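J.: sequence first, then the predicted structure, then my questions.
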Amino acid sequence: MGENKKPISLRNRILMILIFFKDRFDLHEGKEDELETIDYIKKNVEFKGANLWILIFAIFVASVGLNVNSTAVIIGAMLISPLMGPIMGIGLAAGINDFELLKKSMKNLGIAVLISILTSTIYFSFTPLDDAQSELLARTEPTIWDVLIALFGGLAGIVAGSRKEKSNAIPGVAIATALMPPLCTAGYGLATGNLYYFFGAFYLFFINSVFISLSTYLIVRFMKFPKKEFMDRKREKTVRSYITLFTLLTIIPSVYLAYNIVKRTFWEKSVKQFISTEFDLPRTQIIASTLLYDSDSSVIEISLIGERIEEEEIIRIKKRLDAFKLTNTHLYLKQSGDSGTDMNLLRSDILKDLYERNELLIQDKDQKINLLERELSEYSRSSNQVVDLAKEAKIHYPNLENFTVNRAIMANLKEDRQDTLLLAFAKFKQTPSKQEKQRFEQWLKIRTKADTVSLIIQ
């Protein structure tokens, strides 16, 4: 008789599950020696010589990408950029109480930022293309998504940097967090005298940098990297005080800024719901809307065209603001015929709206035209190829009267798939022999480089 197995208790089951997940999510497995990781990050902190030139060239590439609205070029520039080094260095220095590394990282980050903005300003001062494209405009205001990307991207970067086998995570973080384009946009703002673009883009860069540094700091502390040792205890205490003060001065404002970004994101979402619900009018259309967020007093400005909205209806709509959680928000309507309404501005808004509405339609039509042009070109090329083949075949087979060849789709019903084959038709004055048919078929295969040829002879 076998012994009965003792059932596993609920407590032990939970313990086994916890051990399983602890082993799965253990950051210490495959970890590089802490001193090696520290040295690896320190090497990428300084901007000097080749590193500085690489940064300048990358800034020029990113500026061109923003200028011509090319996402691929911008991504390439972010891969080249060495900006991640000093940002991760700041987080590491705060985590291991290395005040000298902190000063060095901040100094080099300051140099990198100054050179980047100066380089992009010079480029945008001389480029003949001075319009703000969509890729550039996307870097003028941070959103909650930018904060989350910087935080989780920074976590991925430092975890990857602490492994024995380095991966492509750090270049990926540089692309995801988009450190370089905001600096180029700040340079565009200076070159064009648009301080809104400058401060908005620099604000985005600051938010990204802070949260990448914060991620590095958290992982370094979590993984218990060795802290810098001091012979002088008084000096050690002073350095720790400075590091703590720096950390608080960085984290507290950044958390406050992130909180405001979250509030603004929710406010903008509520505004869109409010506009789509309350201004769904049959004879009145919105041609422009301006949203100005402020924690104390926000503004929604809407320009309308069509049938005028009466004052009683406007009062009712304004009362509905609270229902959409839009407290401390003021609504202003501009309608055609209002005194003080700039008709030129209204016409400009109408044209802009018409352009934006039809832009996608135009792009779709352009794509269809390009497709048809390619198909027409392919058809013309195929027609010329058939004529050339027919003339060449006539030399080898003087009895040939008519000839055509084309690629066809055959449905393979047995295997439920489609096959492509070359279908050829030939008419001779006199019916060729079996050997001549085989030679003709072999010649077609070689001449057209086709694996399969279906030859029909009349």
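T.: In hand now; what should we look at? Note that the structure is a prediction, hence the values are computed from the model and not measured. Numbers count the residues shown, from 1 in each chain.

J.: okay, CA-based contacts and neighbour counts for the rest of this
T.: OK.

J.: I'd like to know which elements the helix or strand hosting Phe20 is packed against.
T.: Secondary structure from DSSP states H and E places Phe20 in helix 10-24. Packing partners of helix 10-24 (3 or more Cα pairs under 8 Å, 6 or more residues apart in numbering; DSSP states H and E): none among the helices and strands.

J.: mean confidence for it?
T.: Mean pLDDT, helix 10-24: 77.

J.: next structured bit after that helix?
T.: helix 34-43.

J.: and that next one, how far out from the chain middle?
T.: Taking Cα atoms, centre = their mean, to the nearest Å, the mean C-alpha location of helix 34-43 is offset from the chain mean by 30 Å.

J.: going forward, the N-terminal residue is numbered 191.
T.: In the new count, where the first residue is 191, that last one comes out as helix 224-233.

J.: now that helix: average pLDDT?
T.: Mean pLDDT, computed over helix 224-233, is 79.

J.: same for it, what does it pack against?
T.: In this structure, helix 224-233 packs against helix 274-286, helix 334-351, with contacts taken as 3+ Cα pairs under 8 Å, 6+ apart.

J.: identify whichever of those lies nearest to Glu631.
T.: Glu631 lies closest, by Cα to Cα, to one member of the helices and strands packed on helix 224-233: helix 334-351, at 59.5 Å.

J.: pull the number of nearby residues for Gln632.
T.: 13 (other Cα atoms under 10 Å).

J.: hmm, back to that, nearest to Lys427, out of the helices and strands packed on helix 224-233?
T.: Per Cα to Cα, nearest to Lys427 of these: helix 274-286, 13.3 Å.

J.: what's the following helix or strand after the closest one?
T.: Using DSSP H and E, the helix or strand that follows helix 274-286 towards the C-terminus is helix 289-316.

J.: show me where this protein has its strands.
T.: 474-482, 488-496, 519-525, 590-602, 607-618, 643-647 (DSSP state E).

J.: so what strands line up beside the fifth one?
T.: What that stands for is strand 607-618. Here strand 607-618 has these sheet partners by DSSP bridges: strand 590-602 (antiparallel), strand 643-647 (parallel).

J.: where are the low-confidence patches of the stretch 191-340 of the chain?
T.: Scanning the stretch 191-340 of the chain for pLDDT under 70 picks out 191-197, 218, 220-221, 319-333.

J.: got the contact list for Ile307?
T.: By Cα atoms under 8 Å, 6 or more residues apart in numbering, Ile307 lies in contact with Leu373, Cys374, Ala376, Gly377.

J.: and the closest residue to the first one other than its chain neighbours, how far is that from Thr382?
T.: Yep, that's Leu373 we're talking about. Closest residue in space to Leu373, ignoring its immediate chain neighbours: Ile307 at 5.7 Å, by Cα to Cα, 6 or more residues apart in numbering. For Ile307, the distance to Thr382 equals 13 Å [Cα to Cα, to the nearest Å].

J.: perfect, I'm done here.
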